[in-house]
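In: Got a sequence here, can you build the structure:
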Amino acid sequence: MISLPNGYHLHHLPQVDSTNEEARRMALENSLIPTWIIADVQTAGRGRRGRAWDSPSGNLMTTLYLPHAPEPKQAGQLAFVAGLALETTVRHFIGEGASVSLKWPNDVLIDGKKASGILLESTQQDPQRRWLAIGLGLNLATHPQDTPYPATNISAITGKSVSNLQALEVLAAAFEGLYQQWKMGGFAPVLQAWRAVAHGIGGPLVARLENQTIEGIFLDIDETGALQLQDPAGGMHVIDAGDVFFPENGQNG
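Out: Predicted coordinates for the structure are as follows:
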């Protein structure tokens with residue numbers, strides 16, 4: 001048994017289709033208890049934009065179910081809270097042995113290689129209540145090989161084994177501290193902390209959007225969390241959603 005912050009329940013499943021789907025089922029059952037859902041195996045894990053998420057045993061696959069979610073704009077800010085919590089978790093386990101950074105919008109990179117992913121899903125349950133599922137995946141023991149970007153896992157960096165429950169205990173504590181900071185101080189301090197560990201600011205970046213690809217310099221992240229990109233002609237682009245790649249890390253759009 002692990003220790004979670006006060007007020008949260010643990011829902012541990014040997015196998016599930018998706019921890020986010022389990023959160024959806026909890027919402028349909030009108031569960032009102034904030035819950036960390038963790039599965040040893042997912043059979044239908046998914047990532048952003050409907051992509052499949054590789055979910056082998058040994059990695060962390062978890063969802064935080066919040067029965068009372070903020071409005072969509074504020075809920076989107078919690079992706080940055082979750083990203084920082086994952087970054088804190090990774091640093092906890094690898095120490096100073098590697099460089100840890102955050103790739104916009106919410107991936108943890110270890111030495112420039114992807115080690116995690118986040119998926120937020122929210123639905124209005126009824127006129128009075130909106131729920132939020134924050135799905136988090138962290139490569140602890142293995143990582144996919146057939147990705148358009150380099151990937152890695154905690155064990156490959158440290159040579160040590162970390163269980164999914166060990167990782168969840170650290171993650172839940174980190175998330176709660178940042179979540180309370182966000183509730184008390186708003187998005188600005190979270191964004192400041194995020195910028196401090198953001199990968200690639202000031203360097204070349206390729207942004208692949210739904211209908212176009214833009215190359216340029218990653219200038220900053222604005223006060224809403226959007227990415228600011230300057231193209232070679234000097235044009236400014238504010239990007240709210242998309243996939244980004246860093247050419248210097250062998251990531252190509």
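In: Where does pLDDT dip in this protein?
Out: Along the chain, the parts satisfying pLDDT under 70 run over 45-55, 124-127, 248-253.
In: Break it down into its structural domains.
Out: Domain segmentation of the chain under automatic domain parsing yields 9-196, 204-249.
In: Would you convert the ones you listed into a markdown table that also reports distance to Ser3 and mean neighbour count?
Out: (Each C-beta comes from the backbone N, C-alpha and C, glycine too.) Shown next, in a markdown table, are the domains of the chain (distance: least, Cβ to Cβ, whole Å; neighbours: other Cβ atoms under 10 Å):
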| stretch | distance to Ser3 | mean neighbour count |
| --- | --- | --- |
| domain 9-196 | 6 | 18 |
| domain 204-249 | 31 | 15 |
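In: quick one, which of the ones you listed is nearest to Ile2?
Out: Nearest to Ile2 among these is domain 9-196; the distance by Cβ to Cβ comes to 4.2 Å.
In: gap between the two ends of the closest one?
Out: End-to-end distance of domain 9-196 (Cα to Cα, to the nearest Å): 32 Å.
In: Which among the domains of the chain is found nearest to Met1?
Out: Closest among the domains of the chain, once you apply Cβ to Cβ, is domain 9-196, at 8.0 Å.
In: now the helices for the stretch 51-200 of the chain?
Out: 72-94, 154-158, 164-185, 187-196 (DSSP state H, counting those that start in this stretch).
In: got TSV for the ones you listed, with distance to Pro34 too?
Out: Below are the helices of the stretch 51-200 of the chain laid out as TSV (distance: least, Cβ to Cβ, whole Å):
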stretch	distance to Pro34
helix 72-94	13
helix 154-158	26
helix 164-185	10
helix 187-196	19
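In: His143: which of those is closest?
Out: Comparing these by Cβ to Cβ, helix 154-158 comes nearest, at 7.3 Å.
In: Residues contacting the closest one, please?
Out: 90, 93-95, 97-98, 110-111, 115, 138-143, 160-162, 167 (Cβ atoms under 8 Å, 6 or more residues apart in numbering).
In: ok, now stretch 163-174?
Out: Residues from elsewhere that reach stretch 163-174, judged by Cβ under 8 Å, 6+ apart: 2-5, 8, 12, 36, 38, 40, 58-62, 64, 84-86, 88-89, 92-93, 136, 138, 140, 154.
In: Equivalent analysis for stretch 35-42, please.
Out: 4, 8-19, 22-23, 26, 53, 55-57, 60-65, 164-165, 168, 172.
In: same deal with stretch 81-94?
Out: Contacts of stretch 81-94 (Cβ under 8 Å, 6+ apart): 64, 100-102, 105-108, 110, 115-116, 118, 120, 134, 136, 138, 154, 157-158, 160, 162, 167, 170-171, 174-175, 178-179, 182, 190, 193-194, 197.
In: Alpha carbons only: can I get that stretch in CSV?
Out: Presented in CSV, the C-alpha positions along stretch 81-94 are these (Å, rounded to 0.1, in the frame of the first residue of the first chain):
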residue,chain,number,x,y,z
VAL,A,81,0.6,21.3,-13.5
ALA,A,82,0.7,17.7,-14.4
GLY,A,83,3.7,18.2,-16.6
LEU,A,84,5.7,19.8,-13.8
ALA,A,85,4.6,17.0,-11.5
LEU,A,86,5.9,14.4,-13.9
GLU,A,87,9.2,16.3,-14.3
THR,A,88,9.6,16.4,-10.5
THR,A,89,8.9,12.6,-10.4
VAL,A,90,11.5,11.9,-13.1
ARG,A,91,14.1,14.1,-11.3
HIS,A,92,13.4,12.2,-8.1
PHE,A,93,14.3,8.9,-9.6
ILE,A,94,17.3,9.8,-11.8
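In: among the helices of the stretch 51-200 of the chain, which is nearest Glu210?
Out: Taking Cβ to Cβ, helix 72-94 is the member of the helices of the stretch 51-200 of the chain nearest to Glu210, at 17.5 Å.
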